[in-house]
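Asker: For reference, the sequence and a predicted model appear below.
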Amino acid sequence: IGDVVRHRLFDFRGVVFDVDPIFANSEEWYQAIPEDIRPAKDQPFYHLLAENGESSYIAYVSQQNLVPDESDEPVEHPAIGGLFDSYAKGRYRLRREHRH
C-alpha cells in the first residue's frame, strides 16, 4: 500500500491503495480483457489510484502487469489526499486514520 507502480503493457501509473490476494472483480470485466493478454486469476490484483496523460481513474491490475515506477514523481489523482498524507522516495504514507 502506497507504492507507485507503472503498468507493464499500457501507458499509465498509479499508487496502490488496496490488494486482493486473488482476482475479485466481475467475470464480465475479466472477459473484456483480450484473451492474448488476459492475466491468470490466481495471483494478487492491485487497486490503483491511476493516471495517464489524459485523466485520473481507479485501475485494477494483476501483479504480473505491474513494475516499479522509477520516475520519483508523485501521482496526480484527486483521491490521494483522502488516503495518504505524504510522498517520498516513490511511496505514499497512508494516513493514520486509514491504518489497521
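Answerer: Everything's here; your move.

Asker: All the strands of this structure, in order from the start?
Answerer: For the chain, the strands defined by DSSP state E occupy 4-7, 13-20, 45-51, 56-62, 66-68, 84-88, 91-94.

Asker: Can you tell me what sits against the longest one?
Answerer: Outside strand 13-20, the residues that touch it by C-beta atoms under 8 Å, 6 or more residues apart in numbering are 1-7, 44-52, 59, 69, 71, 75, 77, 80, 83-84, 92. Where C-beta positions appear, they are placed from N, C-alpha and C, glycine not excepted.

Asker: which of those residues are buried?
Answerer: Among those, those buried by neighbour count (16 or more other C-beta atoms under 10 Å) are 1, 3-7, 45-51, 59, 69, 75, 77, 80, 83-84, 92.

Asker: Name the residues linked to the residue nearest the centre of the chain by a beta bridge.
Answerer: By C-alpha atoms, centre = their mean, the chain has its centre lying nearest to L48, at 2.5 Å. Assessed by DSSP bridges, L48 has beta-bridge partners V16, A59.

Asker: can you pull the contacts of the residue nearest to R91 when sequence neighbours are not counted?
Answerer: Distances taken as C-beta to C-beta, 6 or more residues apart in numbering put G2 closest to R91, at 4.9 Å, once the chain neighbours are dropped. By C-beta under 8 Å, 6+ apart, the residues touching G2 are V15, V16, F17, F84, R91, Y92, R93, L94.

Asker: Make a ChimeraX selection of the buried ones in those.
Answerer: Buried residues among those (16+ other C-beta under 10 Å), as a ChimeraX selection:
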select :15,16,17,84,92,94
